[in-house]
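Chemist: from the sequence below, what's the structure:
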Amino acid sequence: MTPSLFALSAVAVFVVVVLLKGAVIVPQKSEVIIERLGKFSRKLEAGFHILIPFIDRAAYTFSLKEQVIDIPPQVCITKDNVSVEIDGIVYLEIQDAQKTAYGIDNYLRAATQMAQTTLRSAIGKIDLDKTFEEREKINVEVVTAIDEAAMTWGVKVLRYEIKDITPPESVKRAMEAQMTAERQKRADIAASEGLRQAMINQSEGEKQKKINEATGQAAQVTLIAEAEAKKIDLIATATAEGIRKVALTLKEAGGMEAVNMRLAEQYITAFGNLAKTNNTILMPANVADVAGMIGAAMATVKEVKDVKTA
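Modeler: Presented below is the predicted three-dimensional model:
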């Protein structure tokens with residue numbers, strides 16, 4: 001290799017190294033902290049960037065995506081001195097990469113430690129029963145505490161979730177026994193309430209049945225009375241109409257003769273019926289004087305007519 005070729009190759013290698021040292025590609029949702037001669041220079045967002053080789057350097061690279069941190073299980077003491085094991089999850093994201101780079105050495109470890117200490121403090125203020133009932137309150141308390149501290153780190157804590165609360169075996173057995181007794185109590189109460197409601201419904205049904213029967217009987221009596229009254233009224237009206245027609249007939253020509261004929265027929269029919277229904281036959285004092293008896297009846301009718309006419 002000639003000296004000139006060697007020099008050309010060296011220049012080419014130098015150019016490649018410069019390009020590799022100066023070219024920076026930043027992915028989406030990421031930021032790169034650039035230091036110039038050891039001091040903060042600027043932040044690079046997503047895209048292609050050229051740095052000054054050997055002067056600028058990409059000191060830190062951070063993802064701006066939401067990050068999930070598992071909080072390891074830890075033993076906490078409740079207000080009523082019961083040890084429980086609790087673990088959780090923290091969701092956070094970097095909002096200021098410069099503060100994250102220079103504000104704290106390890107923000108993930110710091111957030112984890114802060115979550116554990118805040119959780120122990122929150123659990124120590126409440127009884128065991130409340131730890132299961134007030135999960136949301138505890139989560140909010142942990143998020144508030146971490147978020148206040150993380151403001152200087154350029155980190156925003158989005159939420160904290162308790163994963164599991166595990167009490168000791170003896171406490172678990174006692175809790176299960178308590179729950180069993182409580183469920184049995186609720187079952188007994190429900191059964192007694194059901195029996196009570198059934199008895200009430202039965203008595204209400206019997207009461208309504210008696211009311212309905214009494215109402216039906218009253219309606220029946222009323223209808224019978226109304227029907228009887230209607231019957232009496234109709235009979236009286238028909239009787240009055242018949243008498244009125246008889247009276248009108250008596251005024252007409254031949255009316256008296258028609259009445260005589262009718263009375264004679266009824267007289268004979270009545271005696272005929274008596275002969276059919278009784279062994280003892282009643283005979284008029286003067287059987288041959290049927291016309292006389294009819295005449296006496298007609299005289300009575302005539303007297304009544306005269307009285308009405310007068």
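
Chemist: if you go through the chain in chain order, where are the helices?
Modeler: 3-22, 97-103, 107-123, 128-133, 135-150, 169-251, 255-277, 290-309 (DSSP state H).

Chemist: need the ones you listed in JSON lines with distance to Val157 and mean pLDDT, can you?
Modeler: Yep, even glycine has a C-beta here, placed from its N, CA and C like the rest. Output for the helices of the chain, formatted as JSON lines (distance: least, C-beta to C-beta, whole Å; pLDDT from 0 to 100):
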{"stretch": "helix 3-22", "distance to Val157": "37", "mean pLDDT": "80"}
{"stretch": "helix 97-103", "distance to Val157": "13", "mean pLDDT": "93"}
{"stretch": "helix 107-123", "distance to Val157": "7", "mean pLDDT": "92"}
{"stretch": "helix 128-133", "distance to Val157": "21", "mean pLDDT": "85"}
{"stretch": "helix 135-150", "distance to Val157": "4", "mean pLDDT": "90"}
{"stretch": "helix 169-251", "distance to Val157": "31", "mean pLDDT": "92"}
{"stretch": "helix 255-277", "distance to Val157": "118", "mean pLDDT": "74"}
{"stretch": "helix 290-309", "distance to Val157": "119", "mean pLDDT": "59"}
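
Chemist: out of the ones you listed, the one nearest Asp80 is which?
Modeler: helix 128-133 (5.8 Å; C-beta to C-beta).

Chemist: closest to Leu37 out of the helices of the chain?
Modeler: Here helix 3-22 is closest among these (C-beta to C-beta), at 14.6 Å.

Chemist: before we move on, back to that, so which of the helices of the chain comes closest to Val68?
Modeler: Of these, the one closest to Val68 (C-beta to C-beta) turns out to be helix 107-123, at 10.6 Å.

Chemist: give the buried residues for that closest one.
Modeler: Buried residues in helix 107-123, counted by 16 or more other C-beta atoms under 10 Å: Tyr107, Ala110, Ala111, Thr112, Met114, Ala115, Gln116, Thr118, Leu119, Ala122, Ile123.

Chemist: please apply the same query to stretch 142-157.
Modeler: Quick answer for stretch 142-157 (16+ other C-beta under 10 Å): Val142, Val143, Ala145, Ile146, Asp147, Ala150, Trp153, Gly154, Val155, Lys156, Val157.
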